[in-house]
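Enquirer: model this:
(2 chains)
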Amino acid sequence: MPNHQIDPNKWIDLYSDYLFNYTITRVRDRDTAQDLVQDTFFAGLKSMKNFKGKASERTWLISILKRKIIDYYRKINSKKGKAEIRINYKSDSEDEGNWLEEHVADPFDKTAEDNLENTELGLAIHNCIGKLPEKQAQVFKMKTILDYETEAVCNELDITASNLWVIIHRARTTIAACLEKNWF
Amino acid sequence: MMNKKNKAFISCDEANHSCDKSQYNEADFWEKLKLNIHLLYCRVCRKYSINNSKLSKIINDSDVVCLDLKDKQEMKDCFEKELKKRQQQP
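Expert: Prediction:
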């Protein structure tokens, strides 16, 4: 069994985006997700001695994060009245006579399966980004996911534009190959 | 004539560069035109181009997110403070 080491110094660089992605598909709010990820890192730090090295660091952190997400939902649901379910049967005169099913089903909307697939795909992409060298990963994330302008990335990281495009090219080639292997 | 030819036909490196740029909508009209001319006869670049567009589409469809740089830095600062505190009192 591989014995994994724990080293909190690199946690944020290595795992914060992965955990954030994992959280945001479950809580749907950037600020909350960010808080939960932060809490997870702190909790991980506190219980570092419980880490036995059986799972990878990331798996271990995810298991903490899962608890945090559950706790979060418990907390907001325990406030009285919030847990109530209200069903709004449409009673506007123009809609009268319509079946409830007609309001619910929207065949052109994304299905639950689509969403699930996208959730997993997001994590798969982060998996592949995680395999890149740090600089490539950083440039790729800024340019592709955060949609920064070329100039902004160059200024931020102090590189030239042609440098940036070389990095992007390498990153895209690696990620495409990685996704091809692991996803399709 | 020679000069004109050089302008219309670009190397694979240049083609890939234009292809990468066009994924971020940063290639101008001439770059795109030259890229397409190149793709007419270069099979390797055609394959790269297809894969590259596929990757862009996947990423667009996937709702993948990242922490903002500022937020990440904030998180890092906060975490490092805590880490130092812990290392001082073993």
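Enquirer: So A:Arg26 versus A:Ala43, what's the distance?
Expert: Counting by CB to CB, to the nearest Å, the gap from A:Arg26 to A:Ala43 is 17 Å. Quick note: C-beta positions are derived from backbone N, CA and C, even for glycine.
Enquirer: actually B:His38, not the one I wrote
Expert: 53 Å.
Enquirer: do B:Met75 as well
Expert: 14 Å.
Enquirer: Compare those two and say which one has the larger neighbour count.
Expert: More crowded of B:Met75 and A:Ala43, by other CB atoms under 10 Å in any protein chain shown: B:Met75, with 20 against 15.
Enquirer: where does the more buried one fall, phi/psi-wise?
Expert: phi -60, psi -40 (degrees, to the nearest 10).
Enquirer: secondary structure class for the residue nearest to it when sequence neighbours are not counted?
Expert: For B:Met75, ignoring the flanking residues on the chain, the nearest one in space by CB to CB, 6 or more residues apart in numbering or on different chains is A:Gln38 at 5.5 Å. In three-state terms, and counting by DSSP: H, G, I helix; E, B strand; the rest coil, A:Gln38 is helix.
Enquirer: Which residues are in contact with A:Gln38?
Expert: Contacts for A:Gln38 were tallied using CB atoms under 8 Å, 6 or more residues apart in numbering or on different chains; they are B:75, B:78-79.
Enquirer: Repeat that for A:Ala152.
Expert: A:Met142.
Enquirer: That one sits in which helix or strand?
Expert: helix A:150-157 (DSSP states H and E).
Enquirer: just the helices in the chain please.
Expert: In the absence of a named chain, this looks at chain A. With helices called from DSSP state H, chain A shows them at A:11-27, A:30-46, A:57-78, A:100-104, A:112-130, A:134-140, A:150-157, A:161-182.
Enquirer: ah, I was thinking of chain B
Expert: B:2-8, B:12-23, B:29-41, B:43-61, B:69-88.
Enquirer: deepest of the ones you listed, which one?
Expert: Neighbour counts (mean count of other CB atoms under 10 Å in any protein chain shown) averaged over each of the helices of chain B peak at helix B:12-23, with a mean of 20.
Enquirer: other SSEs contacting that helix?
Expert: Using 3 or more CB pairs under 8 Å, 6 or more residues apart in numbering or on different chains; DSSP states H and E as the contact test, the elements touching helix B:12-23 are helix A:161-182, helix B:29-41, helix B:43-61.
Enquirer: Run through the residues that contact the residue nearest the centre of chain B.
Expert: Using CA atoms, centre = their mean, the residue of chain B that lies closest to the mean C-alpha position is B:Asp20, 5.4 Å off. When contacts are counted by CB under 8 Å, 6+ apart, B:Asp20 touches A:165, A:168-169, A:172, B:52.
Enquirer: Can you tell me which of those residues comes closest to B:Lys7?
Expert: A:Trp165 (20.3 Å; CB to CB).
Enquirer: Is there a neighbour count for that closest one? I'd like the number.
Expert: 20.
Enquirer: ok, now how distant is the most centrally placed residue in chain A from A:Tyr148?
Expert: In chain A, the C-alpha nearest the mean C-alpha coordinate belongs to A:Asn21, at 0.6 Å (CA atoms, centre = their mean). Using CB to CB, A:Asn21 is found at 18 Å from A:Tyr148.
Enquirer: and what of B:Leu40?
Expert: 33 Å.
Enquirer: Give me the pLDDT for A:Thr174.
Expert: A:Thr174 is assigned 94 on the pLDDT scale.
Enquirer: Spit out the contact partners of the closest residue to it other than its chain neighbours.
Expert: Leaving aside its sequence neighbours, A:Thr174 sits nearest to A:Leu132 (CB to CB, 6+ apart; 5.9 Å). Applying CB under 8 Å, 6+ apart to A:Leu132 gives the contacts A:140, A:171, A:174-175.
Enquirer: which parts of chain A sit against chain B?
Expert: A:8-9, A:11-12, A:16-17, A:20-21, A:24-25, A:34, A:37-38, A:41-42, A:45, A:118-119, A:121-122, A:125-126, A:141-146, A:150, A:156, A:165, A:168-169, A:172-173, A:175-176, A:179-180 (CB under 8 Å from any CB of the partner chain).
Enquirer: For ChimeraX, write the selection for the buried entries among the residues you listed.
Expert: Selecting only the buried entries of the residues of chain A next to chain B in ChimeraX, with 16 or more other CB atoms under 10 Å in any protein chain shown as the criterion:
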select /A:8,11,12,16,17,20,21,24,25,34,37,38,41,45,118,119,121,122,125,126,141,142,143,144,145,150,165,168,169,172,173,175,176,179
